[in-house]
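A.B. asks: Provide a 3D model corresponding to the input given below.
(one chain, ligands or ions: 1)
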Amino acid sequence: MKYINKKLSIEKIKVEDIAKKFGTPTYCYSYKRLKDNINNFKNNFKSFSPLVCFAIKSNTNVNLIKEIRKLGLGADVVSMGELMMALKAGVNPKKIVFSGVGKTAKEINYAIDKKILLINAESKSEIIEIERIAKNKRKVVDIGIRLNPNTDAKTLKQISTGKKENKFGVDEKIFFELINYTKLSKNIKLKCLSVHIGSQILDHQPYEKMLNVIDKIIKKSNHNFEFIDLGGGMGISYEENTKKLNYKKYNLAINKFLKKHKSKIIFEPGRSIVGDIGSLISQVIYIKQNDKKDFIILDAAMNDLMRPALYGANHKTLPATKHSRLSKKTYEFVGPICESTDKFTTLKKFQKLKEKDLVVMCDTGAYGMSLSSNYNLRPKAAEILIKGTKINVIKKRQKLDQLI
Ligand code: LLP
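C.D. replies: Numbering: from 1, shown residues only. Now for the predicted structure:
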């Protein structure tokens with residue numbers, strides 16, 4: 001995304017033109033950036049060619065998942081809905097892994113019938129349930145066990161998953177117990193150790209620690225894991241000058257690990273694949289003056305982009321047309337929803353805006369649309385994919401009569 005003749009453009013298409021043609025609020029994705037992200041991700045780890053399973057939860061748009069599948073990725077799913085969506089997008093079941101602490105019998109049944117690569121179990125009760133269902137079907141099901149490595153991911157506490165107080169995975173003691181349990185089972189085969197310590201991780205050290213923990217546990221277990229699923233979590237730069245994850249060091253640590261353990265590595269990245277490919281285009285409805293600041297009331301709200309309200313996340317906000325007149329007052333960008341947390345960002349030095357101007361919230365490709373809701377009975381935004389000179393509507397704006 002860049003300014004061409006003062007007009008903010010996504011792959012040479014002006015934001016202004018997109019808004020004119022498709023209305024606002026609209027999510028807009030860049031195919032070029034998607035392709036670059038996937039190629040970069042693969043290149044970072046090319047020495048051991050991992051199986052890369054895109055975390056569907058970060059963006060559930062079927063047409064986008066199709067493009068991701070065509071670029072060679074599998075899928076990481078956490079519900080029957082996500083599994084159905086991955087299959088609908090044509091993802092090969094042998095490239096699908098299923099995570100999550102609360103898979104129901106119906107979901108397990110479906111996953112077994114679809115012959116996916118692995119069900120990554122997160123508790124003894126779940127393993128017993130998978131075994132019961134597999135036995136009924138007279139099948140042998142390949143599973144993983146998610147280990148909780150008790151590693152601090154050094155990220156927001158709301159998106160940390162690898163500490164022992166988190167609900168995810170099992171601790172070392174139960175992990176060993178479960179290995180022994182699966183050895184005696186005729187209907188489940190333990191093929192994978194999985195971990196996922198959190199999201200938006202920018203420091204490679206938690207990953208190194210996690211690998212050390214796994215290394216020790218595997219040695220102690222004496223079990224041969226065909227797969228090691230390292231989860232996702234690779235962070236992106238939401239703000240300029242934030243540090244970047246050092247992929248070289250993460251790659252080195254994995255290579256060191258692989259010298260001792262001959263397993264196939266699986267990754268489950270979401271944000272690092274789609275985070276920076278997406279922008280949310282929105283229009284200023286009103287500007288409401290307050291003595292200390294002006295409220296810029298947008299037509300996008302927390303139902304469209306939940307991350308600021310949920311995590312205090314900040315998304316870089318840019319005007320669609322650039323000029324040099326600065327506003328004298330602080331701007332608070334808000335949505336029309338009846339909640340005080342329906343607020344995107346507060347900026348001191350923004351260019352002067354007027355009603356009907358367009359603004360863009362950047363890096364909203366991951367956990368933007370997928371976390372959206374119909375709160376306040378607001379229809380969901382449209383989604384557009386820019387691919388070369390083509391602009392495709394990959395999801396139509398929801399209509400009110402679909403809601404009423
Ligand atoms: N694998 C598992 C088991 C996960 O739970 C997650 C994310 C991922 C992979 C993908 O993580 P990523 O590469 O995208 O960091 N809504 C939050 C993020 C929650 C992440 C939940 N799990 C946000 O908007 O920041």
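
A.B. asks: Give me the neighbour count for Cys53.
C.D. replies: Around Cys53 there are 28 other residues, counting by other CB atoms under 10 Å. Bear in mind the C-beta positions are built from the backbone N, C-alpha and C, glycine included.

A.B. asks: residues in contact with it?
C.D. replies: For Cys53, the contact set (CB atoms under 8 Å, 6 or more residues apart in numbering) comprises Leu73, Gly74, Ala75, Asp76, Lys95, Ile96, Val97, Ile266, Phe267, Glu268.

A.B. asks: where does it land in three-state SS?
C.D. replies: strand (DSSP: H, G, I helix; E, B strand; the rest coil).

A.B. asks: Against the ligand, how distant is it?
C.D. replies: Using CB to the nearest ligand atom, to the nearest Å, Cys53 is found at 8 Å from the ligand.

A.B. asks: quick check, distance from the biggest helix by length in the chain to the centre of its chain.
C.D. replies: Identified as the longest helix of the chain according to DSSP state H is helix 205-221. Relative to its chain's centre, helix 205-221 lies at 24 Å (CA atoms, centre = their mean, to the nearest Å).

A.B. asks: Please work out the average pLDDT along the helix or strand that that helix is followed by.
C.D. replies: Counting by DSSP states H and E, the next helix or strand C-terminal to helix 205-221 is strand 227-229. The pLDDT scores in strand 227-229 average 98.

A.B. asks: Name the next helix or strand downstream of strand 227-229, please.
C.D. replies: Heading C-terminal from strand 227-229, the first helix or strand you meet, by DSSP H and E, is helix 247-260.

A.B. asks: buried stuff in that following helix?
C.D. replies: Across helix 247-260, burial judged by 16 or more other CB atoms under 10 Å covers Tyr247, Tyr250, Asn251, Ala253, Ile254, Phe257, Leu258.

A.B. asks: With the ligand as the reference, measure out to the first one.
C.D. replies: For Tyr247, the distance to the ligand under the criterion CB to the nearest ligand atom works out to 13 Å.

A.B. asks: One more: the third one?
C.D. replies: When CB to the nearest ligand atom is the yardstick, Asn251 and the ligand sit 16 Å from each other.

A.B. asks: Same check on the fourth one?
C.D. replies: Going from Ala253 to the ligand by CB to the nearest ligand atom gives 17 Å.

A.B. asks: Including pLDDT, could the buried residues of helix 247-260 go into CSV?
C.D. replies: What follows is those, written out as CSV (pLDDT from 0 to 100):
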residue, pLDDT
Tyr247, 98
Tyr250, 98
Asn251, 98
Ala253, 98
Ile254, 98
Phe257, 98
Leu258, 98
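
A.B. asks: now these as TSV including distance to Thr155?
C.D. replies: As requested, those are exported to TSV (distance: CB to CB, whole Å):
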residue	distance to Thr155
Tyr247	17
Tyr250	15
Asn251	20
Ala253	18
Ile254	20
Phe257	22
Leu258	25
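
A.B. asks: what does the stretch 151-300 of the chain put close to the ligand?
C.D. replies: Counting by CB under 6 Å from any ligand atom, the stretch 151-300 of the chain comes close to the ligand at 159, 196, 199-200, 231-234, 268-272.

A.B. asks: at 8 Å what do you get?
C.D. replies: Residues of the stretch 151-300 of the chain that fall close to the ligand, judged by CB under 8 Å from any ligand atom: 156, 158-159, 161, 168, 194, 196, 198-201, 231-235, 268-273, 275.

A.B. asks: longest single strand anywhere in this protein?
C.D. replies: strand 278-289 (DSSP state E).

A.B. asks: what helices or strands is that strand leaning on?
C.D. replies: helix 15-22, strand 26-30, strand 293-298, strand 358-361 (3 or more CB pairs under 8 Å, 6 or more residues apart in numbering; DSSP states H and E).

A.B. asks: Let's see that with 10 Å instead.
C.D. replies: In terms of contacts (3 or more CB pairs under 10 Å, 6 or more residues apart in numbering; DSSP states H and E), strand 278-289 is packed against strand 7-10, helix 15-22, strand 26-30, strand 293-298, strand 317-319, strand 330-334, strand 358-361, strand 382-387.

A.B. asks: Just the buried positions in that strand, please.
C.D. replies: Residues of strand 278-289 classed as buried by neighbour count (16+ other CB under 10 Å): Gly278, Ser279, Leu280, Ile281, Ser282, Gln283, Val284, Ile285, Ile287.

A.B. asks: Relative to the ligand, which of these is nearest.
C.D. replies: When the buried residues of strand 278-289 are compared for distance to the ligand (CB to the nearest ligand atom), Gly278 wins out at 12.2 Å.

A.B. asks: That closest one and Cys362 touch, don't they?
C.D. replies: Yes: contact between Gly278 and Cys362 holds when scored by CB atoms under 10 Å: they sit 8.4 Å apart.
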